[in-house]
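# Need the 3D shape of this:
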Amino acid sequence: MPVLLVERAVVVIRIMFVSDQYPPMIGGVPQLTRGLASDLVKRGHQVWVIAPNYGVRDSQRVEQGVHVSRFTSIEWPTYREQRIPFLPFTPVYSLLKECDPDVIHIQSPVVLGNIALILAGHFAKPIVVTNHYLPINMSRSLTKHPVFSKPFSTITYSYLVHFYNRCDFVTSPTRIALDLLIERGLRSPSQVISNGIDLNRYVPGPRQPEVLRRLGLPEDRPLILHLNRLSREKRIDVLLHAVARMRMPAHVALVSTGPAEAELRALVQKLDIEEHISFLGYIHDSDLVPLRRSTHLFAIPSEADLQSMAMMEDMVCGLPIVAANSYALPEQVHHERNGFLFTPGDSEELATRLDQLLEDEELRTRMGQESLEIITDHDRTKVLEQWEDLYQRLARVTANT
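Take a look at the predicted model:
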């Protein structure tokens with residue numbers, strides 16, 4: 001009997017994303033928001049983004065097919081690169097009236113997110129919000145403080161849950177991230193939707209020494225990759241202390257920038273491991289896949305990731321992972337299957353696991369293959385279909401009320 005192929009019906013949706021974090025800011029939320037917006041445009045939808053402007057004036061331009069409206073802002077006093085827009089109620093109101101989106105998708109519950117939530121009621125627009133935040137993302141010092149950590153976490157979650165309960169639908173990229181909200185009183189309808197990964201873009205391949213030479217990395221020793229924003233809650237200091245304890249003469253490539261870079265460089269000098277560490281800063285996408293293919297493993301000691309896009313990209317490239325056993329990282333890193341989990345903050349245990357993988361090529365290969373199997377559940381195409389289904393469902397409900 002011939003197989004009948006049924007094409008999925010595509011309905012054009014008008015989506016407005018609202019985020020206080022958007023490129024050129026570096027980080028997971030800016031990256032995934034821009035990626036989701038541009039991917040939806042490629043699938044035939046109309047997409048607008050409301051975001052802060054790093055300049056002195058408001059601006060509007062089309063970026064990768066996405067209509068991006070940026071509003072004048074200042075830098076957050078305690079968080080470099082985070083912006084505070086100047087409460088643009090009137091222009092956002094005008095934009096909502098002009099664009100008439102079917103759904104508004106808030107990616108950060110801060111200034112612009114609150115403005116969108118307030119104004120959406122005037123236009124009877126459904127609001128979907130994605131949770132990307134933990135209390136430690138707001139302030140690591142308060143989260144770890146012996147006296148103030150508990151009340152700070154309580155206040156932070158109270159604010160997040162209060163905000164999300166005013167929205168029509170709540171999503172989170174991982175189960176644990178959503179459960180943390182439900183345990184603290186989330187009542188709005190909710191669903192886990194992964195950030196997703198392009199399984200065709202990030203693929204395994206042969207080692208490419210030319211990219212190592214181009215980036216000034218050694219070719220004669222094992223290479224450990226770490227790609228994450230250089231901020232305190234990402235605990236890159238734990239990785240540096242682990243390098244100082246390792247038996248294997250490995251080299252660590254730190255990709256990205258961030259507010260903690262100066263103190264991390266100082267720590268490298270203090271530990272006397274300059275020959276084992278490279279600060280590569282921002283690397284163009286064209287170099288990232290070849291770099292991953294030339295890497296032995298990916299290490300992530302973060303205590304503040306609800307879903308690491310960089311880790312998922314490395315898994316698609318067939319790399320084994322060594323990750324902190326923290327929050328949602330174990331949802332993708334299955335201990336002793338596609339890598340190892342270590343006790344958060346324990347640099348000695350991390351060093352042991354790194355040595356164990358680097359000393360055993362067969363183990364790395366097996367675990368890398370397991371990474372490829374695990375990550376297939378996060379296929380970007382399936383994730384985009386989930387978003388389309390959710391947007392259409394919310395738009396239909398609103399239209400019928």
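# Which helix or which strand is home to V68?
Element membership for V68, per DSSP states H and E: strand 66-75.
# Name the next helix or strand downstream of that strand, please.
Next along the chain from strand 66-75, counting by DSSP H and E, comes strand 83-85.
# returning to what we had before: name every strand pairing with the strand holding V68 and say which way it goes.
Using DSSP bridges, strand 66-75 pairs in its sheet with strand 46-53 (parallel), strand 59-63 (antiparallel), strand 83-85 (antiparallel).
# For those strands, give me a markdown table that also has mean neighbour count, mean pLDDT and distance to Y391.
For the C-beta atoms, the positions are set from N, CA and C on the backbone; glycine is no exception. Below are the strands paired with strand 66-75 laid out as a markdown table (neighbours: other Cβ atoms under 10 Å; pLDDT from 0 to 100; distance: least, Cβ to Cβ, whole Å):
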| stretch | mean neighbour count | mean pLDDT | distance to Y391 |
| --- | --- | --- | --- |
| strand 46-53 | 24 | 95 | 11 |
| strand 59-63 | 12 | 94 | 21 |
| strand 83-85 | 20 | 77 | 25 |
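# Please name the residues that touch N338.
By Cβ atoms under 8 Å, 6 or more residues apart in numbering, N338 lies in contact with 315, 320-321, 367-368, 370-371, 373-374.
# Tell me what the residue lying closest to S188 once chain neighbours are set aside is bridged to.
The spatially closest residue to S188, leaving aside those adjacent along the chain, is V170, at 4.9 Å (Cβ to Cβ, 6 or more residues apart in numbering). For V170, the beta-bridge partners under DSSP bridges are V129, S190.
# what number of residues lie near V170?
25 (other Cβ atoms under 10 Å).
# for S172, same thing?
Neighbours around S172, by other Cβ under 10 Å: 27.
# Tell me, what's the model's pLDDT at it?
For S172, the pLDDT comes out at 94.
# same check, this time on S149
pLDDT, read off for S149, is 54.
# Ok, V10 next?
The model reports V10 with a pLDDT of 64.
# counting contacts, what elements does the lengthiest helix in the chain pack onto?
Longest helix in the chain by number of residues (criterion: DSSP state H): helix 380-399. Identification of packing neighbours for helix 380-399 by 3 or more Cβ pairs under 8 Å, 6 or more residues apart in numbering; DSSP states H and E yields helix 28-42, strand 103-106, strand 127-130, strand 169-172.
# Which stretch among these is buried most, on average?
strand 103-106 (a mean of 27; mean count of other Cβ atoms under 10 Å).
# The nearest residue to E210 once chain neighbours are set aside and I283, how far apart?
Nearest residue to E210 in three dimensions, chain neighbours excluded: P290, at 7.7 Å (Cβ to Cβ, 6+ apart). Using Cβ to Cβ, to the nearest Å, P290 is found at 10 Å from I283.
# For those two, indicate the residue with more neighbours.
Neighbours of P290 and I283, each counted by other Cβ under 10 Å, are more numerous for P290; the result is 20 against 15.
# hmm, back to that, as a markdown table, the helices and strands packed on helix 380-399 with distance to A250 would be great.
Listed next are those as a markdown table, based on distance: least, Cβ to Cβ, whole Å:
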| stretch | distance to A250 |
| --- | --- |
| helix 28-42 | 26 |
| strand 103-106 | 41 |
| strand 127-130 | 36 |
| strand 169-172 | 34 |
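# among the ones you listed, which gets the worst mean confidence?
Per-segment mean pLDDT for the helices and strands packed on helix 380-399 reaches its minimum on helix 28-42, at a mean of 93.
# for that helix, packing partners?
strand 14-18, strand 46-53, strand 66-75, helix 309-316, helix 380-399.
# Pretty sure L96 sits against A124.
No: L96 is beyond contact range of A124, at 10.9 Å (criterion: Cβ atoms under 8 Å).
# Let me see the ranges of the helices in the stretch 201-350 of the chain.
Ranges of helices in the stretch 201-350 of the chain, per DSSP state H, counting those that start in this stretch, are 209-214, 236-245, 261-271, 285-293, 309-316, 347-358.
# Quick one, which of the ones you listed gets closest to D39.
helix 309-316 (13.4 Å; Cβ to Cβ).
# for stretch 373-393, which positions count as buried?
Judged by neighbour count (16 or more other Cβ atoms under 10 Å), stretch 373-393 contains these buried residues: 374-375, 378-380, 383-384, 386-388, 390-391.
# what would those look like in CSV with pLDDT?
Below are the buried residues of stretch 373-393 laid out as CSV (pLDDT from 0 to 100):
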residue, pLDDT
I374, 95
I375, 94
H378, 93
D379, 93
R380, 93
V383, 95
L384, 96
Q386, 96
W387, 97
E388, 97
L390, 97
Y391, 97
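# Could you dump the residues you listed into CSV and include distance to A304?
Shown next, in CSV, are the buried residues of stretch 373-393 (distance: Cβ to Cβ, whole Å):
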residue, distance to A304
I374, 22
I375, 21
H378, 20
D379, 26
R380, 24
V383, 22
L384, 26
Q386, 25
W387, 25
E388, 30
L390, 26
Y391, 29
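# Of those, just say which sits nearest to A399.
Using Cβ to Cβ, those come closest to A399 at Y391, 12.3 Å.
# Nearest to S190, out of the helices of the stretch 201-350 of the chain?
That would be, of the helices of the stretch 201-350 of the chain and by Cβ to Cβ, helix 309-316, which comes in at 21.2 Å.
# okay, the angle between that closest one and helix 380-399?
Per axes from the mean of the first three to the mean of the last three Cα atoms, to 10 degrees, the angle that helix 309-316 makes with helix 380-399 is 130 degrees.
# For helix 309-316, buried residues please.
So for helix 309-316, counting by 16+ other Cβ under 10 Å, buried means 309-316.
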